[in-house]
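Student: Fold the following, please.
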Amino acid sequence: MILSLLLSLVFILLGLIHLNWATGGTFGFKSAIPTKETGEPVLHPKKIDSAIIGVGLLAFAVFYILKAELIPTQLPDWLLHYGGYIIPSIFVLRAIGDFKYIGFFKKVKHTTFGTLDTKFFAPLCLSMGIIGFLIQFLG
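Tutor: Below is the predicted model of the structure:
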């Protein structure tokens, strides 16, 4: 239950950051976008993209609150079962990355994003994935 709550809090924080970007906030936005070595952004996310990701992250938080059985639910067992594999898989794959700009195996490492990804983003994603699998296997 503690791991589920911890993971929920991380998802809530990340979801709120993305929703902040969706409403025009700029805190950390430029640093969170992968760039080429020239500094040119690889992605050009729109506010709606940030909103979708923010809502998704908040939905993941709710999933782990339900998984911890803090709120009674009538969801089908298969949803909690398969979701318990799908969500952490997303974050393990994010940690592995695209082998060019994102993840532990990226080639472009010496940009602002690349440095932050190596030190913070990829390890956070891997940790979230591992915790998600631990919840699934121990629960």
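
Student: those helices in the chain, which residues are they?
Tutor: Ranges of helices in the chain, per DSSP state H, are 2-22, 47-67, 77-96, 112-116, 122-138.

Student: For the fourth one, the averaged confidence score.
Tutor: Regarding helix 112-116, the rounded mean pLDDT is 98.

Student: In that helix, which of the residues would be classed as buried?
Tutor: By neighbour count on 16 or more other CB atoms under 10 Å, the buried set for helix 112-116 is Phe113, Gly114. Using the backbone N, CA and C atoms, a C-beta is placed for each residue, glycine as well.

Student: Equivalent analysis for stretch 7-24, please.
Tutor: So stretch 7-24, judged by 16+ other CB under 10 Å, has buried residues 7-8, 10-12, 14-15, 17-22.

Student: Kindly report the same for stretch 71-83.
Tutor: So, applying 16+ other CB under 10 Å, buried residues of stretch 71-83: Leu80, Gly83.

Student: Compute the first-to-last residue distance for that stretch.
Tutor: 17 Å (CA to CA, to the nearest Å).

Student: go on, stretch 34-49?
Tutor: End-to-end distance (CA to CA), stretch 34-49: 15 Å.

Student: Off-centre distance for that stretch?
Tutor: Computed by CA atoms, centre = their mean, to the nearest Å, the chain-centroid distance of stretch 34-49 equals 17 Å.

Student: what do you get for stretch 126-133?
Tutor: 10 Å.

Student: again, but for stretch 23-32
Tutor: 16 Å.

Student: Let's see it as PDB, backbone CA atoms only.
Tutor: Written as PDB, here are the backbone C-alpha positions of stretch 23-32 (Å, rounded to 0.1, in the frame of the first residue of the first chain):
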ATOM      1  CA  THR A  23      -2.500  26.200 -19.100                       C
ATOM      2  CA  GLY A  24       0.500  28.300 -20.200                       C
ATOM      3  CA  GLY A  25       3.000  27.700 -17.400                       C
ATOM      4  CA  THR A  26       6.600  27.500 -18.400                       C
ATOM      5  CA  PHE A  27       8.300  26.100 -15.300                       C
ATOM      6  CA  GLY A  28      10.800  23.500 -16.600                       C
ATOM      7  CA  PHE A  29       9.100  23.200 -20.000                       C
ATOM      8  CA  LYS A  30      12.100  24.000 -22.200                       C
ATOM      9  CA  SER A  31      14.300  21.600 -20.200                       C
ATOM     10  CA  ALA A  32      11.800  18.800 -20.600                       C
END
